[in-house]
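Asks: I would like to see how this sequence folds:
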Amino acid sequence: QVQLVESGGGLVPAGGSLRLSCAASGSGFRINTMGWYRQAPGKQRELVAAITRAGSTNYADSVKGRFTIDRDNAKNTVYLQMASLKPEDTAVYYCNANANTISPLRYFEVWGQGTLVTVSS
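Replies: So this is what the prediction gives:
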């Protein structure tokens, strides 16, 4: 069983920065693409940023140039560095991972519990 544990959320003033972390725990698996999603009140969950195991990234247009995703494969950990935060970035941020078991080979997806980011105006 793979679990994702997020940390780093909190309250920050507009223009400030936060760094989110998400660590995968368990054994007998390989993490492939990891990503961060967010869900604001009354809105659908949306992709913020994703990164492949090889390090290729993609970002939502709304965060390009402000957010940076990176990962440490040895630690099965993904990070989201958020800068120039805006009130509209306020949301619950969820970590996501696409992974596979080693033997037998089986692909699956796992979600973290979410961490709240609140940006005050």
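
Asks: which SSE is the spatially most central residue of the chain in?
Replies: Taking Cα atoms, centre = their mean, the centroid of the chain lies closest to Trp36, which sits 2.7 Å from it. Assigned by DSSP states H and E, Trp36 belongs to strand 29-39.

Asks: other SSEs contacting that strand?
Replies: strand 18-25, strand 46-51, strand 67-72, strand 77-82, strand 91-101 (3 or more Cβ pairs under 8 Å, 6 or more residues apart in numbering; DSSP states H and E). To be clear about C-beta, it is placed using only N, CA and C from the backbone, and glycine gets the same treatment.

Asks: now the residue sitting furthest away from the middle of the chain. Its backbone dihedrals?
Replies: Relative to the centre of the chain, the most outlying C-alpha is that of Pro104, 27.2 Å out, by Cα atoms, centre = their mean. Here is the backbone geometry of Pro104 (degrees, to the nearest 10): phi -70, psi 160.

Asks: then Leu85?
Replies: phi -60, psi 150.

Asks: got a list of what it touches?
Replies: Contact analysis of Leu85 by Cβ atoms under 8 Å, 6 or more residues apart in numbering lists Val12, Ala14, Gly15, Gly16, Ser17, Leu18, Arg66, Val117, Val119.
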